[in-house]
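> Build me a model from this:
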Amino acid sequence: MASTTTLSRPTAASGQDAPAVPARAYDVGLLVLRLVLGLTMAAHGAQKLFGWFGGGGVEGTGMFFASLGYPAPEAFAVVAGLTETLGGLGLALGLLTPLAAAAVAGTMVNAIAVKWGGGFFAPEGVEYELLLTLAAVALALTGPGRIAVDRLLPRLRSHRLEYGIAAVVLGAVVAGVTLLLRH
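This is a model prediction of the structure:
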């Protein structure tokens, strides 16, 4: 026996909820993508902030960032850890999805720049970071689907491509500025 999740959908004209409709396969697929990407990124952030999951914590991450030429390396470790943790949790929940995705993508652009030159494939390559970056960009552009906290927020209830584009541009600009600060 198959079960179907139903969600309300806002109407274009009135902005009020229309009758409940079954969740579609793409909503479930976006939920799975958001959960995997978001929780992966949140775990990476927890490594940087708290040393969980074998991470270096702020001190160890700061030393690594110092070796890469970042000024105020421990401050950058905290910023990277918070960005990954909060961006990841935002993606997992589908909360402020375009901004959460932009935070993840911007952080990963920095990771790609740091690893650039090691080829495409692991262990020195950038394919993992590139995959995470483009998955985040895809979520910023498509929106979270209907199984998301954003569906409860009036302005974000119906995702607009413009929100995603603006968020991706913001993430790219912040990533670029961060990279310019490196020695």
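
> Now residue 87: closest residue in space, sequence neighbours ignored.
Sequence neighbours aside, residue 103 is the residue nearest to residue 87 in space, at 3.2 Å (criterion: Cβ to Cβ, 6 or more residues apart in numbering). Where C-beta positions appear, they are placed from N, C-alpha and C, glycine not excepted.

> Now for the one you found: which residues touch it?
Residue 103 makes contact with 83-84, 86-87, 90, 171 under the criterion Cβ atoms under 8 Å, 6 or more residues apart in numbering.

> Helix or strand: which one has it?
Per DSSP states H and E, residue 103 falls inside helix 97-115.

> And that helix, what's buried?
Buried residues in helix 97-115, counted by 16 or more other Cβ atoms under 10 Å: 97-115.

> Could you look up the next helix or strand downstream of that helix?
Following helix 97-115 toward the C-terminus (DSSP H and E): helix 127-142.

> What mean pLDDT does the helix or strand following that following helix get?
Per DSSP H and E, the first helix or strand lying C-terminal to helix 127-142 is helix 161-181. For helix 161-181, mean pLDDT rounds to 94.

> from here on, count from 34
Taking 34 as the first residue, the last one we looked at is helix 194-214.

> Pull the residues that contact helix 194-214.
103-104, 109, 131-132, 134-136, 138-140, 142-143, 146, 170, 173-176, 189.
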